[in-house]
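Chemist: pasting a predicted model and its sequence here:
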There are 2 protein chains.
Amino acid sequence: MPELRKDPIIGRWVIISTERGKRPTDFTSVPPAKSGGFCPFCAGNESKTPPEVYALREPGSSKDGPGWTVRVVSNKFPALQIEGDLHRQGEGIYDKMNGVGAHEVIIETPDHDMTLGNLDEDRIVDVLMCWQQRIIDLKKDARFKYIVVFKNHGEAAGASLEHTHTQLVAMPIIPKRVVEEIEGGRKYYEFKERCIYCDIVSQEISEDMRVVSANQTFLAIEPFAARFPFETWILPKAHMSAYEELEPNSVRRFARILKEVLIKINTALNSPPYNFILHTLPLQGDNRSWYHWHLEIMPKLTKVAGFEWGSGFYINPTAPEEAARYLREIPVTSNRK
Amino acid sequence: MPELRKDPIIGRWVIISTERGKRPTDFTSVPPAKSGGFCPFCAGNESKTPPEVYALREPGSSKDGPGWTVRVVSNKFPALQIEGDLHRQGEGIYDKMNGVGAHEVIIETPDHDMTLGNLDEDRIVDVLMCWQQRIIDLKKDARFKYIVVFKNHGEAAGASLEHTHTQLVAMPIIPKRVVEEIEGGRKYYEFKERCIYCDIVSQEISEDMRVVSANQTFLAIEPFAARFPFETWILPKAHMSAYEELEPNSVRRFARILKEVLIKINTALNSPPYNFILHTLPLQGDNRSWYHWHLEIMPKLTKVAGFEWGSGFYINPTAPEEAARYLREIPVTSNRK
């Protein structure tokens, strides 16, 4: 069973794999070349993944067979394990608990050669709705406090399989970054009685210097204090805390702006590796007034070095205003693949 | 002038290079191959760096010429600029100030083929004392609130020049990570009236499961909630807040344990890229009772992916107890180069 351990100084939880721990020799060799041939996420290879948790399927097709457009399976090498209770305990001044949680993979398409940004809008809608369904299902489990949905695209961004997929981790703690957002949002709310993200949306629309794209429901911006070049956030314009409550019409508009932003980033930066992370409301506690869900997209263009790691203080070589200007000017034709 | 901008939600400051901003095309090409020939940090090439700020020199040798063992110059491409005042200002809900600060390079040896861990103990003492001298000098500047000393070793860890060097950045803010350490330390002190780092030292010595090395004055451990495999911290055993106040005898013991740890890491992990960061007391404010300086060393063995970035929640595939056992068992002969 993996262990969750808390840094006693700054309160950050870490997952420690205590079982199949990596030994020094596991790190010394160059990672093996991609197996050009076999991919467990491709249609026809369903038996090579853990059993299907959820799928969008053609009528008549059967579980763990072909005929799906989006398919969700447990991660074969989960960071957290689904069975067991938390068993919180101390060890002198330290705190730990069992590494209980869910770790799932959302296979976004049966087609190995597609990327999320290249999928048809309808297929992206399927993926985004699938995230909602999994969150709605997993939040019934009272052990979980947070669900993070994220994507590693490209090897340099940490993807271990090329076939396009999103990951989902349900965990018994709220990650440090989200705690900070909630604390920051709460303090601002106490002071202003307004959501800070709503105020950001409003200032960005009126200044119009960092806007990448917008539609009826969503705004895509380069944030004012972006850590990374071309870091891009997509936020609902109106206040909304929980991603899974987004209505179908709005999911479509989210799919549209996400596709647009990914095409712009791919065109401007020659299809870079990237990560994105959905920031949504914790499953417990009442933070609705000050938490505003959003997606953070981070192209991986620079190496993050010791200075950033050690200080939490980032150096961004591209001003967000510059990045926004580049991305805005890239045309996106509506039926472009 | 670079700009310092504050994330309005979580309060993290970021340096934005607004002048020679990188354009999309700057990121699309593969980084150029190392120039095998010329190195500005080698002895004899002193005229190719900005002028010397400080050096340990042979008697009779002259500034910006050969004859030095450690040499400090301004960074040719500084993240912050030394001239000017802070000019703090708002921009709607956002906060910013001028990117004022010092960015220096400590060239640890004139010999291109050495690494910090390979240097003789006396030469490491020189480097460590040089850090102290630069901190003592720069803390006279009332604009600065913090000085971070760090090392990027190897290209994958962000080093842009191969010749071994440390960097130093003096800045007008306290980096987020240090603020968190101070807050955590202060809360613990209010509760226990003891320094949390002192309690960690004491528990680690008595449990003896995560200790890598120790001497009269210092302890090297794998921290309980390590973010990365083989992450290693070196702490003074007795309470001490400001690195620059370390006495010469103790600097020697710090050099000895640092050399030992670097040799162990290099042997166990085949000379990996790594970062280290000195965590020391902020220049202003009274945090002496609860802040305990230390060095954090992070071998770069795994790719940090979206999950970690987005959540601040790390997955460490090697238990610290395992890593400590490996490192402990690696013999270090005292006069090994």
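Modeler: That came in fine, so what should we check first? As the structure is a computational prediction, the values presented were derived from the model and not from experiment. Numbering: from 1, shown residues only, chains lettered A, B, ... in the order given.
Chemist: rest of the way, CA atoms for contacts and neighbours
Modeler: Will do.
Chemist: pLDDT weak spots in chain A?
Modeler: A:19-21, A:28-36, A:304-307, A:309-310, A:334-337 (pLDDT under 70).
Chemist: domain ranges for it?
Modeler: A:38-171, A:176-329 (automatic domain parsing).
Chemist: can I get these in JSON lines with mean neighbour count and distance to chain B?
Modeler: What follows is the domains of chain A, written out as JSON lines (neighbours: other C-alpha atoms under 10 Å in any protein chain shown; distance: least, C-alpha to the nearest C-alpha, whole Å):
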{"stretch": "domain A:38-171", "mean neighbour count": "18", "distance to chain B": "5"}
{"stretch": "domain A:176-329", "mean neighbour count": "20", "distance to chain B": "5"}
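Chemist: for those, which one sits closest to B:Ile315?
Modeler: domain A:38-171 (7.1 Å; C-alpha to C-alpha).
Chemist: show me what the longest helix anywhere in chain A is packed against.
Modeler: Assignment by DSSP state H gives helix A:248-269 as the longest helix of chain A. Helix A:248-269 is packed against helix A:121-138, strand A:211-214, strand A:218-221, helix A:320-329, helix B:24-28, with contacts defined by 3 or more C-alpha pairs under 8 Å, 6 or more residues apart in numbering or on different chains; DSSP states H and E.
Chemist: any idea which of those gets closest to B:Ala238?
Modeler: The closest of the helices and strands packed on helix A:248-269 to B:Ala238 is helix A:320-329. By C-alpha to C-alpha, the value is 45.1 Å.
Chemist: what does the closest one contact?
Modeler: The list of residues contacting helix A:320-329 from outside it, by C-alpha atoms under 8 Å, 6 or more residues apart in numbering or on different chains, reads A:209-213, A:221-226, A:229-231, A:264-265, A:268, B:21, B:23-24.
Chemist: same thing but at 6 Å, please
Modeler: A:Met209, A:Arg210, A:Val212, A:Glu222, A:Phe230, A:Lys264 (C-alpha atoms under 6 Å, 6 or more residues apart in numbering or on different chains).
Chemist: same check, this time on stretch A:172-185
Modeler: Under C-alpha under 6 Å, 6+ apart, the answer for stretch A:172-185 is A:Arg12, A:Arg143, A:Phe144, A:Lys145, A:Tyr146, A:Ile196, A:Trp290, B:Ile9, B:Ile10, B:Ser311, B:Gly312, B:Phe313.
Chemist: what about the strands in the stretch 1-150 of chain A?
Modeler: With strands called from DSSP state E, counting those that start in this stretch, the stretch 1-150 of chain A shows them at A:3-6, A:13-16, A:52-57, A:68-74, A:89-91, A:94-98, A:102-107, A:146-153.
Chemist: which residue packs closest to the residue lying farthest from the centre of chain A, ignoring adjacent ones?
Modeler: Largest separation from the mean C-alpha position in chain A: A:Gly92, at 34.9 Å (C-alpha atoms, centre = their mean). Closest residue to A:Gly92 apart from its sequence neighbours, by C-alpha to C-alpha, 6 or more residues apart in numbering or on different chains: B:Gln203 at 7.2 Å.
Chemist: how about A:Lys151?
Modeler: A:Thr166 (4.7 Å).
Chemist: same check on A:Leu4?
Modeler: Closest residue to A:Leu4 apart from its sequence neighbours, by C-alpha to C-alpha, 6+ apart: A:Ile15 at 4.7 Å.
Chemist: same check, this time on A:Phe276
Modeler: A:Phe276 sits nearest to A:Ile297 (C-alpha to C-alpha, 6+ apart), 4.2 Å away.
Chemist: can you give the contact residues for the helix or strand harbouring that neighbour?
Modeler: In this structure, A:Ile297 sits in strand A:294-299 according to DSSP states H and E. With C-alpha under 6 Å, 6+ apart as the test, strand A:294-299 has contacts from A:Glu231, A:Thr232, A:Trp233, A:Ile234, A:Leu235, A:Pro273, A:Tyr274, A:Asn275, A:Phe276, A:Ile277, A:Leu278, A:His279.
Chemist: could you identify the most distant pair in those residues?
Modeler: A:Leu235 and A:Pro273 (21.8 Å).
Chemist: does the residue nearest to A:Leu4 touch B:Phe313 like I think?
Modeler: No. Under the criterion of C-alpha atoms under 6 Å, A:Ile15 makes no contact with B:Phe313, lying 7.6 Å away.
Chemist: need the residues that contact the helix or strand hosting A:Leu235.
Modeler: Per DSSP H and E, A:Leu235 falls inside strand A:232-236. The list of residues contacting strand A:232-236 from outside it, by C-alpha under 6 Å, 6+ apart, reads A:Thr217, A:Phe218, A:Leu219, A:Ala220, A:Ile221, A:Glu222, A:His294, A:Leu295, A:Glu296, A:Ile297.
Chemist: tell me what angle that strand forms with strand A:294-299.
Modeler: Angle of strand A:232-236 versus strand A:294-299, following axes from the mean of the first three to the mean of the last three C-alpha atoms, to 10 degrees, is 160 degrees.
Chemist: neighbouring strands - and their directions - for strand A:232-236?
Modeler: strand A:218-221 (antiparallel), strand A:294-299 (antiparallel) (DSSP bridges).
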